[in-house]
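Peer 1: Could you work out the structure for the sequence below:
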Amino acid sequence: MAPTNTREFVVLNDGHKLEAMVDECCSALDTDDVKEVLLKVPLKHATRAVSLSEILQRRYENVAVTNELVNIFSGETGNERRKSAMFLIRIAKN
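Peer 2: Predicted coordinates for the structure are as follows:
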């Protein structure tokens, strides 16, 4: 679970329009109580999340972006590993 000053979004290719995700992230970053936006992304949708983080970086000058891979070498094999591996992008206000 994320801290209270972090807003989490799960980014997928299906069913979400990129502009709608940008608007949701921007509205979260514009509030004073949110210090960080966390994008949780399955590896197969990582390019979409990178596009989203690039758009947010261009809109906000005072943000720091951190990329992280989690569960990349978990004990699972094949299809299970691909489903459990996540790409995390943290966009934090400075």
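Peer 1: in this structure, which spans are helices?
Peer 2: In the chain, the segments counted as helices under DSSP state H are 18-30, 46-59, 79-84.
Peer 1: Could you dump these into a markdown table with mean pLDDT added?
Peer 2: Shown next, in a markdown table, are the helices of the chain (pLDDT from 0 to 100):
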| stretch | mean pLDDT |
| --- | --- |
| helix 18-30 | 91 |
| helix 46-59 | 90 |
| helix 79-84 | 66 |
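Peer 1: can I get those in a markdown table with distance to residue 65?
Peer 2: Quick note: C-beta positions are derived from backbone N, CA and C, even for glycine. Output for those, formatted as a markdown table (distance: least, C-beta to C-beta, whole Å):
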| stretch | distance to residue 65 |
| --- | --- |
| helix 18-30 | 12 |
| helix 46-59 | 6 |
| helix 79-84 | 24 |
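Peer 1: from those helices, which stretch is densest packed?
Peer 2: Compared across those, helix 46-59 shows the largest average neighbour count, a mean of 16 (mean count of other C-beta atoms under 10 Å).
Peer 1: What lies in contact with that one?
Peer 2: 11-13, 18, 21-22, 25-26, 29, 37, 39, 41, 63, 65, 87, 89, 91 (C-beta atoms under 8 Å, 6 or more residues apart in numbering).
Peer 1: what sits against the nearest residue to residue 24 once chain neighbours are set aside?
Peer 2: Leaving aside its chain neighbours, residue 24 sits nearest to residue 9 (6.6 Å; criterion: C-beta to C-beta, 6 or more residues apart in numbering). The neighbours of residue 9, taking C-beta under 8 Å, 6+ apart as the test, are 21, 24, 25, 37, 38, 39, 40.
Peer 1: okay but the first one is in contact with residue 11, surely?
Peer 2: Right, the one you point to is residue 21. Yes - using C-beta atoms under 8 Å, residue 21 is in contact with residue 11, at 6.5 Å.
Peer 1: Find the residue at the geometric middle of this protein.
Peer 2: Central residue of the chain (C-alpha atoms, centre = their mean): residue 39, 1.4 Å from the mean position.
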